[in-house]
Every structure is written in C-alpha cells, then in structure tokens.
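Q: Sequence below, structure please.
(chains A and B)
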2 protein chains.
Amino acid sequence: MKGLSRKTLLVRSLLLLLLLTSTAFAADPLPSWNDTATKKGIVAFVERVTSAGSPDLVPLPERIATFDMDGTLWPEQPFYFPQVFTFDRIKALAPEHPEWRKTQPFKAVLEGDSKTLSASDERALLGLEVAAHAGITTDEYARLVNDWVASAKHPRTGRLYTEMVYQPMLELLAYLRGNGFKTFIVSGGSADFMRVWAEKVLGIPPEQVVGSTLKTKFELRNGLPVIALLPEIEFIDDNVGKPIGIHEHIGRRPVMAFGNSDGDLQMLQWTTAGSGARFGLLVHHTDGEREWAYDRHSPVGRLDKALDAAKTEGWTVVDMKNDWKIVYAFEKK
Amino acid sequence: MKGLSRKTLLVRSLLLLLLLTSTAFAADPLPSWNDTATKKGIVAFVERVTSAGSPDLVPLPERIATFDMDGTLWPEQPFYFPQVFTFDRIKALAPEHPEWRKTQPFKAVLEGDSKTLSASDERALLGLEVAAHAGITTDEYARLVNDWVASAKHPRTGRLYTEMVYQPMLELLAYLRGNGFKTFIVSGGSADFMRVWAEKVLGIPPEQVVGSTLKTKFELRNGLPVIALLPEIEFIDDNVGKPIGIHEHIGRRPVMAFGNSDGDLQMLQWTTAGSGARFGLLVHHTDGEREWAYDRHSPVGRLDKALDAAKTEGWTVVDMKNDWKIVYAFEKK
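A: This next block holds a predicted model:
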C-alpha cells in the first residue's frame, strides 16, 4: 500500500466496491435460514422499506434496527453470558472477600448453586456486578473482558462464548447493513462488556451498543484522566428501560426491532407503534437439541406476555428449530 | 428513479461517488479558514492519521471526533441557545403559573432580567427546563423545538438560530467526515433539543448527539406507548460529565475533540490523554465585531483554565478574528 496516494486508494476501493455490488444481489443473503414464511417475511419487509419507488420507502438515515443480545444474538442459558463473566470475577476476587462465603447471592456463585442464582432477581445479580467491578477503571474493565472472552468456554458446548453467536442472526445483521440499516444492540447486559468484542464478532461498533451501566466518575489518577466504575447501578436497559435507552442513545424510533423475551416487549411496542412500516421479531427457543427449548416458565429469558403480544401485534416469531438450518457457524465444520 | 432496480441505483451512485472523489481532493476543503497556522495544523493532523502508510494511521472505525455545540459550532451569547428556547416556553406557559412572577429564576425570564439570569448557575437554569417541559412526551417536545427553530430569531443578528452555525466549523465537520471521521456533538445543551435539527443543519444524526437529559418514563397513554419527560434532571453533559457522556454513548475515546470553554476541559483531557495521535482544539472568541469577544471572565462560556491547559497540553486555539474568513454563511450574500 505504501506510496499510494489517498486518492488512488479511495478510487481503487470504490472500484472494488462497485464490482462486489454487481454480484452481491444475486446470492442468497440468508443461507442459514430455511425457506419458510419467517425468512420470506423478513426479506419482503426489507424490500418494501428499501426499494426505490416503494410507498413505504424509509430514508437511509432512518433505517435503524435494534437487537437484544442475550437469547437473540447468542444463547442465554444456563445464565446470561455477561453474568457468567461477573461470576468468574467474583470467584477470582473471593480470597479477598471472606464475607462473600456467607452472603447471597455471592455464596451461590462460589458454590456453583445454580438454583439460588436462577431464583435471584435482576437487581440482586446486578449487585454482583457492582461488587465485582466497582473501583476499577473502564480501561481495566475492558482488559478483563478481553481476557475472558479469549479464554472462557461454555460448559455445554465447550466453545468460546463468542463462537456461540447465532449464524442466522449474523447473516441477518449483514443483510440489514447491506440494505442501509444501522444495527444497534439494545441489551440488558452490561454495555461495557459487549463493547469490547461486539465490533469484531458482530460488526457492531461500540457507539451502537446500548446496555446496562454502572455509575462512573471522571478523575485524575497520578495526573492521568481515568473513568472509574462506581458501586452503584446507573441504568438497567431492560423492559421499560429499553425504549428509554433507545431514546437516550439513538434519539429516533427504530424501524425494526429483534428480541426474544418479555424484557424486549416494550422495545417492540415502541418500535412497531411508530408511523409507517415497522417490524418486530421474537426469537422463540424451540430447539432443545441444538440449543435450548423454553418460553413461558423459564427463569432466564422468559417469553410469555411478549409471545401473546406477537399474535395481536403481528410480530414475527422465529421458530428456531424449523426456521434455522444451522444455529452456530461451527456446526458446518 | 422509478423502474430502476436497487442494483442499478447503487452502481450509478458508486460511479458518481467515484467521479466526485477524483476531484474532491483538488479543492480546498476549508475555504472559510484563513491560511494560518491553525488551518495548516488541522490539515496536517488529519493527513497524519488518515494517510496510508503513516505510522500514526488511525483505523477507520476509531476515527471519532467530538464537538461541543454552544460556542463551538454556533454562538452562546447572550445565552446558550437551548436556554433561549426554554425561556420562550416559560413565557408561553406563564399565564398558567402566576407563582412564577415571584420566583427566581422564572421572574428574571419573564422580566427579561439578563443580569439575574447570567448570574444563575447551570442547575438553576436546568430547573427552568424541568418546569418548562416536564410531563410532555418526547414527540411533543420535538414538535415544540421544531416550531421554535423554524421561527425564533436572534436579537442581535435577526437571523434564525440555525443560520448562525459557524461556516468554518461546518466545513471542518464535512472535511473530517470526508476523511472517514464520525462526528459527534457532545454538549451541555439538551440532547433532545439538538436532535431535532442537527441532522439537517450539521449533518449529524440523532444517534451521534450526546447532551444533557431529563429523566423519562415509558408508559401507555390511551393504549399508545409514549416516552414522557419527568421533572428531574438525569444527566448534565458538561465538565466531568463530558468524558462520562462520551464513554456511555460512544464507548471509545475520541481522536479529536473541539470545544470553547472550561466546560470542555475534561473532554479535551480525556481525548488527548489517549495513546497514539490525538488532537484538541478550543475556539477562542476574539471577534467582537462579527461575533463576540470574551474569555476568562464571561458568565457564559468562560474560557479560563482550559486556555491555560491549551498551552501546557499543546492544544490548538482558534483565534476567531484572524483564523476565520467569514463567521456565518449569510455574510457571503
């Protein structure tokens, strides 16, 4: 590349892009989806809002699509993956905190007591996050996450967590971006956790990640500015928090929203109540063999009210077992 | 355009882009800037971080530039423009609130008492915002802002506020975007206020606007989901709030940051303390004729500690009088 001017490079890149464009539309953009009504409905909607001359054409800057993370882009069983990172931090820090052996839900983490952990509410589990991370800087936190995603493996598949992103959803993200959509994560998980790897794994840059947060403090440490995590929850990006997070971060209503549980109900309500064409989708975990099968009574990722709302509101429901050819990319190998 | 396929359109657009690119680099990208050291320094930095083969090349996704709004992209005298909108709302709502005639700072707004308003602190003035907007929905708020920017005029220039965006800064925004930067507003003003017009006027979409916010509530009104503004300040995006807002919304450290007052000090510290090449700039209001001249002792937009820091930190200081050929686009007419 050395010696080439910026102009030459740009012209070459554009020529390459031109070539790619000419062939891009020929191939199936969603090869890991079976040819069911679900896939057809997604493609039909995207063509409806992006084809020149369509009465429902959505201008390019307004093409916003929001995706829940846990249970929608990767699994959430037996625990939300960001929580597993926190559990592992709690275990690593436990020698310095003997009191944790006697206090719930710390005790449950240290003893691997899944039952107690599953029964704990979101705020109690966020309390673990507060204890695990408060005081460190955002840079230190990012390093810890980076180390964890590079090595931690899922107990059932034995795979890195980042290998467990759903291949059909990866294709859907790319397909939407190819049609001018900006794709955002809007998740109950920690924003700082997802931002470390979402760009590499999902093609979603940090500025398009909305999630739960701890309060932070800007200060000078040894003369250097840092942002330190404080022991207090700032924002829970779940349930009613999702439309609020969308409004605060994105500032306009999505055209498409994708979720999998009652925690996504309000995001889908907010999205599909907008004027013009809108699209809501729920991933229904129906595949106990390749993934997990659960809905109305699951302690993690409960899909109950939102499943009823899908019927009355006309939202698309993905039947994972029948709609997806493969779940993970590693199945192909 | 009717009848053209998406593919044909895309190919044509790319060909056009290719044509434009071939000539874009020939023209001066900053024609409203005088040919001083300031302009040369900006261009030299941008070439340093964007030229192929440069040891300081910044990868495309990391090219983040953050801009303060009031005093950096448009004036802030005699009051921050978002505050003027709030003052006008307070005046419009005053008949329903006879108590305001006896309470500061409401009384000062209704009596046009600039002296008292100038002496009020930021939190007191945000109290006006709470009173003016609490209870309405975000959609209603956006409509009010839209009406206001379409009609309200600045007392000194007689121009719409949106006509008072600095032409040299508009060119700078476009120049940076042309070099792959994502441009963000990071301002103490209300995010919801700026989002209504920033895309049209500045080319900055709502999702790239970080600002101060009120708390909000998601609820169903007559069966329709709305987001309502609550009578409580959620976040003040000023001073230490700026790096925090940047971390929460953007999730990575900017490469370039642009401000004009002590409220931008921490944003510039946070930006320029990052590893690799970084750039900080302060607009110094030195032009009492075309704009305003003020710095260390101004009640609005004080530039004091940050001006000292610019020397020790090597930040660029724009001398508005000498560095800018014109201030506003309307001067050309």
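
Q: my guess is A:I244 contacts B:T216, does it?
A: Yes. Distance between A:I244 and B:T216: 5.4 Å, which falls inside the contact criterion (CB atoms under 8 Å). Yep, even glycine has a C-beta here, placed from its N, CA and C like the rest.

Q: Pull up the overlap in contacts between these two.
A: When contacts are counted by CB atoms under 8 Å, 6 or more residues apart in numbering or on different chains, the set common to A:I244 and B:T216 consists of B:I227.

Q: Who has more neighbours out of the two?
A: When A:I244 and B:T216 are compared on other CB atoms under 10 Å in any protein chain shown, the one with more neighbours turns out to be A:I244, at 25 against 21.

Q: Let me know the helix or strand that that one is in.
A: Of the helices and strands defined by DSSP states H and E, A:I244 is found in helix A:241-249.

Q: elements contacting the very next helix or strand once past that helix?
A: Heading C-terminal from helix A:241-249, the first helix or strand you meet, by DSSP H and E, is strand A:256-259. Using 3 or more CB pairs under 8 Å, 6 or more residues apart in numbering or on different chains; DSSP states H and E, the elements in contact with strand A:256-259 are strand A:64-67, helix A:167-178, helix A:265-272, strand A:279-284.

Q: pull the CA atoms of strand A:256-259 into PDB?
A: Taking only C-alpha atoms (Å, rounded to 0.1, in the frame of the first residue of the first chain), the coordinates of strand A:256-259 have been written out as PDB:
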ATOM      1  CA  MET A 256     -37.100  -2.900  13.100                       C
ATOM      2  CA  ALA A 257     -36.600  -4.500  16.500                       C
ATOM      3  CA  PHE A 258     -35.500  -8.000  17.400                       C
ATOM      4  CA  GLY A 259     -35.800  -9.700  20.800                       C
END
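
Q: what lines up beside that strand in the sheet?
A: For strand A:256-259, sheet partners with direction are given as strand A:64-67 (parallel), strand A:279-284 (parallel), following DSSP bridges.

Q: Pipe the helices and strands packed on strand A:256-259 into a markdown table and attach mean pLDDT and mean neighbour count per row.
A: As requested, these are arranged in a markdown table below (pLDDT from 0 to 100; neighbours: other CB atoms under 10 Å in any protein chain shown):
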| stretch | mean pLDDT | mean neighbour count |
| --- | --- | --- |
| strand A:64-67 | 98 | 26 |
| helix A:167-178 | 98 | 19 |
| helix A:265-272 | 98 | 26 |
| strand A:279-284 | 98 | 25 |
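
Q: So for B:N322, which of the ones you listed sits nearest?
A: strand A:64-67 (42.4 Å; CB to CB).

Q: Skipping its backbone neighbours, what lies nearest A:L117 in space?
A: In space, and not counting its chain neighbours, A:L117 is closest to A:A108: 4.9 Å by CB to CB, 6 or more residues apart in numbering or on different chains.

Q: any residues touching the helix or strand harbouring the one you found, and which ones?
A: Under the criterion DSSP H and E, the helix or strand holding A:A108 is helix A:106-111. Applying CB under 8 Å, 6+ apart, the set of residues contacting helix A:106-111 from outside is A:87, A:90-91, A:94, A:97, A:100-101, A:113-114, A:116-117, A:120, A:128, A:131.

Q: Among those residues, show me the least confident.
A: The member of the contacts of helix A:106-111 with the lowest pLDDT is A:S120, at 88.

Q: Name all residues that make contact with the nearest residue to it once chain neighbours are set aside.
A: What sits nearest to A:S120 in space, not counting adjacent residues and going by CB to CB, 6+ apart, is A:P105, at 4.7 Å. Under the criterion of CB under 8 Å, 6+ apart, the contact list for A:P105 reads A:T116, A:L117, A:S120, A:A124, A:L125, A:G127, A:L128.

Q: can you rerun that using 6 Å?
A: Contacts were defined as CB atoms under 6 Å, 6 or more residues apart in numbering or on different chains; by that measure A:P105 touches A:L117, A:S120, A:A124.

Q: With A:R290 instead?
A: Contacts for A:R290 (CB under 6 Å, 6+ apart) come out as A:V327.

Q: How is it assigned, secondary-structure-wise?
A: Classification of A:R290 by DSSP: H, G, I helix; E, B strand; the rest coil places it in coil.

Q: for A:I185, same thing?
A: A:I185 falls in the strand class when you classify it by three-state DSSP.

Q: What is the burial count for it?
A: Taking other CB under 10 Å as the neighbour definition, A:I185 ends up with a count of 24.

Q: Can you check the pLDDT for the nearest residue to it once chain neighbours are set aside?
A: Take A:I185 and drop its neighbours on the chain: the residue closest to it by CB to CB, 6+ apart is A:V209, 4.8 Å away. The score at A:V209 is 98. That number is its pLDDT.

Q: okay, now A:V209: neighbour count?
A: Under the neighbour criterion other CB under 10 Å, A:V209 is assigned a count of 28.

Q: Pull the contacting residues for it.
A: Residues in contact with A:V209, defined by CB under 6 Å, 6+ apart, are A:I185, A:A191, A:M194, A:R195, A:A198.

Q: Let's see that with 10 Å instead.
A: Residues near A:V209 by CB atoms under 10 Å, 6 or more residues apart in numbering or on different chains: A:69, A:184-187, A:189-196, A:198-199, A:202, A:237, A:249, B:249-251.

Q: swap in A:A132?
A: Neighbour list for A:A132: A:85-93, A:106, A:109, A:141, A:144, A:229 [criterion: CB under 10 Å, 6+ apart].

Q: Phi first, then psi, for A:W197.
A: Dihedral pair for A:W197: phi -130, psi -10, per degrees, to the nearest 10.

Q: show me where the stretch 101-250 of chain A has helices.
A: With DSSP state H, counting those that start in this stretch as the criterion, the stretch 101-250 of chain A has helices at A:106-111, A:114-119, A:122-133, A:138-151, A:167-178, A:191-195, A:198-202, A:241-249.

Q: Taking the centroid of chain A, which residue is nearest it?
A: A:M69 (2.1 Å; CA atoms, centre = their mean).

Q: so what's it closest to, chain neighbours aside?
A: In space, A:M69 is closest to A:S187, 3.6 Å off (CB to CB, 6+ apart).

Q: Isn't that neighbour up against A:Q208?
A: No. Counting by CB atoms under 10 Å, A:S187 sits too far from A:Q208 to count as a contact (11.6 Å).

Q: quick one: which of the two has more around it?
A: More crowded of A:S187 and A:Q208, by other CB under 10 Å: A:S187, with 31 against 24.

Q: ok, A:E207 touching B:Q208?
A: Yes. Between A:E207 and B:Q208 there is a contact at 7.6 Å, judged by CB under 10 Å.

Q: Which neighbours do the two have in common?
A: B:I64, B:K182, B:F184, B:H249, B:I250.

Q: got a pLDDT number for the third one?
A: When you say that, I think you mean B:F184. We note a pLDDT of 98 for B:F184 in this prediction.

Q: Tell me the spacing between it and A:L173.
A: Taking CB to CB, to the nearest Å as the measure, B:F184 falls 23 Å from A:L173.

Q: next one: the first one
A: Taking CB to CB as the measure, B:I64 and A:L173 are separated by 22 Å.

Q: Just put the helices and strands packed on strand A:256-259 in TSV and tack on distance to A:A152.
A: Supplementary listing: the helices and strands packed on strand A:256-259 in TSV, determined by distance: least, CB to CB, whole Å:
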stretch	distance to A:A152
strand A:64-67	22
helix A:167-178	20
helix A:265-272	28
strand A:279-284	23
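
Q: of all those, which lies closest to A:S51?
A: helix A:167-178 (13.8 Å).

Q: Counting by contacts, list what the closest one packs against.
A: With contacts defined as 3 or more CB pairs under 10 Å, 6 or more residues apart in numbering or on different chains; DSSP states H and E, the secondary structure elements packing on helix A:167-178 are helix A:37-50, strand A:64-67, strand A:182-190, helix A:198-202, strand A:256-259, strand A:279-284, strand A:316-319.

Q: Identify all contacting residues around the longest one.
A: The reference is to helix A:37-50. Under the criterion CB under 10 Å, 6+ apart, residues A:28-30, A:32-33, A:54-60, A:62-63, A:65, A:168, A:172, A:175-176, A:178-181, A:255-256, A:258, A:276-279, A:281, A:316-319, A:322-324, B:6 lie in contact with helix A:37-50.
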